[in-house]
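Sequence and predicted structure, then a few things I'm wondering about:
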Amino acid sequence: MDLAGRRFGLMLSTDPAHPNLQTAIGLSSAALTRGADVYLYLIDDGVAAVEDPRVQGLAERGAKLFVCAYGCQKRRLPLSERATNCGLVVLTDVINGTERFLALN
């Protein structure tokens, strides 16, 4: 099924060691392969995955990557130059602006 022009949003809030990261990567990759626009928002412990090569590989394939700046600050992680550093307003926009949204908590 061609998903060209469809928007898929995903939020990841768990630590990169949690299996949810692999699930997020697999779902995002499949959606990109089928032509969907993918929006991946990293929040809470998920912010630590922003520099993961698999996550960056999704961005290289066209996924829009967002990371919660407050989550980085709370975990004393530097802001990434490889993602859009933002807050909950952007997460709300992703939720409201996508046809399907999945939260992996």
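Perfect, I can see it now.

Chain neighbours aside, what residue packs nearest to L27?
Closest residue in space to L27, ignoring its immediate chain neighbours: L10 at 6.5 Å, by C-beta to C-beta, 6 or more residues apart in numbering. Using the backbone N, CA and C atoms, a C-beta is placed for each residue, glycine as well.

Wasn't T14 part of a strand?
No. T14 is assigned coil when assessed by DSSP: H, G, I helix; E, B strand; the rest coil, not a strand.

mind listing the strands for the chain?
Counting by DSSP state E, one finds strands in the chain at the ranges 7-12, 37-42, 64-68, 84-86, 100-104.

would CSV of the ones you listed with distance to P19 be doable?
As requested, the strands of the chain are exported to CSV (distance: least, C-beta to C-beta, whole Å):
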stretch, distance to P19
strand 7-12, 11
strand 37-42, 16
strand 64-68, 20
strand 84-86, 25
strand 100-104, 9
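
Mind putting those strands into TSV with mean pLDDT, mean neighbour count and distance to V94?
Listed next are the strands of the chain as TSV, based on pLDDT from 0 to 100; neighbours: other C-beta atoms under 10 Å; distance: least, C-beta to C-beta, whole Å:
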stretch	mean pLDDT	mean neighbour count	distance to V94
strand 7-12	98	23	5
strand 37-42	98	25	5
strand 64-68	98	22	7
strand 84-86	97	16	10
strand 100-104	97	15	7
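
is the residue nearest to L27 in a bridge, and if so with what?
L40, L102 (DSSP bridges).

contacting residues for the residue most central in space within the chain?
When C-alpha atoms, centre = their mean is applied to the chain, the residue found nearest the centroid is L40 (2.0 Å). For L40, the contact set (C-beta atoms under 8 Å, 6 or more residues apart in numbering) comprises G9, L10, M11, L12, A24, S28, V55, L58, A63, K64, L65, F66.

For the residues you listed, give me TSV that also has distance to C72.
Shown next, in TSV, are the contacts of L40 (distance: C-beta to C-beta, whole Å):
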residue	distance to C72
G9	20
L10	18
M11	15
L12	14
A24	18
S28	20
V55	14
L58	19
A63	19
K64	18
L65	13
F66	12
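
Show me which pair in those is furthest apart.
Spatially, the most separated pair among the contacts of L40 is G9 and V55, at 15.2 Å (C-beta to C-beta).
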